[in-house]
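> following is a predicted model, sequence given first.
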Amino acid sequence: MSSSRASVGLSMLAAMASIACALGVGAQERASGFTREERARLDQGELVIRPHVADAREPWMGGTSFQIVDRPVAEVWRALEDLPAYRHMLPGTSQTRDDGLDRGARVLYVQQSQLGVSASYSLRLRHDAHAHRVSFELDRDRPHDVEDARGFLEIRSYQRTRTVLTWALRAVLGMGAMEPMVRGLVEPWLLRVPETAKHYLEGWGRDRYRE
């Protein structure tokens with residue numbers, strides 16, 4: 001693929017960040033395209049992060065992040081349907097459990113610990129195979145150590161044999177007055193999901209999802 005066609009492809013993929021408007025993210029996450037620097041970083045295999053610009057009136061943290069995975073989109077999608085594999089794709093995760101179907105959503109139990117902050121909670125996942133998107137929200141009917149979490153994980157084919165993975169998240173840890181103090185430490189970690197997924201899909205999980 002020519003560099004000009006690759007550039008156009010990345011611009012189209014960056015437009016997916018506009019979906020995050022529905023999550024209430026800010027203008028920075030609503031960018032209609034990647035910058036030249038971001039395109040170069042993506043092509044070099046780096047993670048591109050667009051964190052939410054904090055506002056004292058907003059209790060939530062998050063943003064969007066992007067990564068190119070050197071696996072075809074069909075294989076990456078099969079990995080996203082494999083709920084036990086999320087233990088390897090979510091940062092700092094010690095345990096995940098597929099708790100089955102509940103009211104049209106698959107329920108994923110997650111236990112995480114990083115930088116002295118630990119939490120366990122359950123997410124309600126909805127897989128849209130046509131859009132190649134997994135949307136999620138906190139299951140408030142089950143025990144949870146965070147106040148709120150919602151977002152999506154979306155993939156798009158790139159250069160035929162590669163995949164661009166987009167992660168969008170908004171979360172409230174529920175730490176009260178301590179929340180602003182831990183934001184700078186926890187928020188970048190929360191946005192590293194595409195990078196963690198890349199390491200798994202290009203590493204020891206590489207052959208698990210071949211046809």
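Yes, it's here.

> could you give the average pLDDT over stretch 169-184?
The pLDDT scores in stretch 169-184 average 70.

> over to stretch 63-80?
Per-residue scores along stretch 63-80 average to 96.

> and the nearest residue to Ala129 once chain neighbours are set aside, how close does it get to Leu153?
Nearest non-adjacent residue to Ala129, counting by CB to CB, 6 or more residues apart in numbering: Trp77, 7.2 Å away. For the C-beta atoms, the positions are set from N, CA and C on the backbone; glycine is no exception. Between Trp77 and Leu153 the computed distance is 10 Å (CB to CB, to the nearest Å).

> more neighbours: which of these two?
When Trp77 and Leu153 are compared for neighbours, Leu153 comes out ahead with 23 against 18, by other CB atoms under 10 Å.

> okay, and that one sits in which element?
strand 148-158 (DSSP states H and E).

> show me which residues of that strand are buried.
For strand 148-158, a neighbour-count test (16 or more other CB atoms under 10 Å) marks Ala149, Arg150, Gly151, Phe152, Leu153, Glu154, Ile155, Arg156, Ser157, Tyr158 as buried.

> tabulate those residues (CSV), appending distance to Leu108 and pLDDT.
CSV is the format used below for the buried residues of strand 148-158 (distance: CB to CB, whole Å; pLDDT from 0 to 100):
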residue, distance to Leu108, pLDDT
Ala149, 12, 93
Arg150, 13, 95
Gly151, 13, 97
Phe152, 14, 97
Leu153, 12, 97
Glu154, 17, 97
Ile155, 18, 97
Arg156, 23, 95
Ser157, 25, 93
Tyr158, 26, 90
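
> between those residues, which is nearest His132?
The shortest gap between His132 and any of the buried residues of strand 148-158 belongs to Ile155, at 4.8 Å (CB to CB).

> what sits against the closest one?
Neighbouring residues of Ile155 by CB atoms under 8 Å, 6 or more residues apart in numbering: Val73, Val76, Trp77, Leu80, His132, Arg133, Thr163, Val164, Leu165, Thr166.
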